[in-house]
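Novice: The sequence and its predicted three-dimensional model are supplied below.
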Amino acid sequence: MKLPPYNSFPNVIGDKISLRQILPSDLNDIIEISYYDAVQAKTLEQAAEMQAKIDKDYTDGNSIHWGIADNTTNKIVGTCGYYRGLDIGAGELGCVLLPQYRGQGFMTLAMTLAIEFGSNHIGLNRIWAETSQENQNAIKLLERLNFIKIGDLEDNHIEYELKQNA
């Protein structure tokens with residue numbers, strides 16, 4: 001397994017989008033999707049504080065958090081990454097997309113790149129995700145990406161796991 005942090009932050013480049021490090025200059029564009037411990041940022045200052053915690057989690061080897069950049073503009077349209085479990089060879093994959101970019105395929109592409117990175121570079125043997133039962137868009141995304149529901153959790157949440165090809 002190759003756990004973070006890496007010598008240089010891994011940028012993962014696809015045809016339409018890239019996964020890259022979030023820079024201070026990106027924060028103003030993503031305040032509404034800046035979260036840490038399920039708390040949403042309301043101000044640029046809070047987003048910066050949250051990003052500092054996210055960066056520390058990466059440096060400590062506990063997570064990797066990418067901005068999803070539109071390759072035509074380099075603008076961050078969402079975020080995704082692995083947030084728990086790396087130390088045991090597993091990764092909880094999470095994601096969020098700015099509302100104006102939903103339904104355009106950005107997250108499917110981003111999650112596909114993140115899954116490939118987790119499997120092929122980090123060496124994860126389990127990838128899972130949690131969402132609420134009401135989040136039908138997330139459920140459809142996970143199922144489209146070959147995740148299967150493995151359980152009901154507290155607070156009306158459900159857990160999905162990536163079905164590994166046998």
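Specialist: Structure received. Because the structure is predicted, anything quoted here is derived from the model rather than measured.
Novice: And the spatially most central residue of the chain, what's its pLDDT?
Specialist: Nearest to the mean C-alpha position of the chain, counting by C-alpha atoms, centre = their mean, stands residue 80 at 1.8 Å. On pLDDT, residue 80 comes in at 97.
Novice: Need the three-state assignment for it.
Specialist: strand (DSSP: H, G, I helix; E, B strand; the rest coil).
Novice: Show me where the chain has its strands.
Specialist: 12-13, 17-20, 35-36, 39-40, 64-70, 76-82, 90-97, 126-132, 147-152, 157-162 (DSSP state E).
Novice: can you tell which of those is closest to residue 6?
Specialist: Among the strands of the chain, strand 64-70 comes nearest to residue 6, with 8.7 Å by C-beta to C-beta. Where you see a C-beta, it was placed from the backbone N, CA and C, and this is true even at glycine.
Novice: about what we covered before: could the strands of the chain be laid out in CSV, adding distance to residue 139?
Specialist: Listed next are the strands of the chain as CSV, based on distance: least, C-beta to C-beta, whole Å:
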stretch, distance to residue 139
strand 12-13, 24
strand 17-20, 22
strand 35-36, 19
strand 39-40, 21
strand 64-70, 20
strand 76-82, 16
strand 90-97, 13
strand 126-132, 6
strand 147-152, 8
strand 157-162, 8
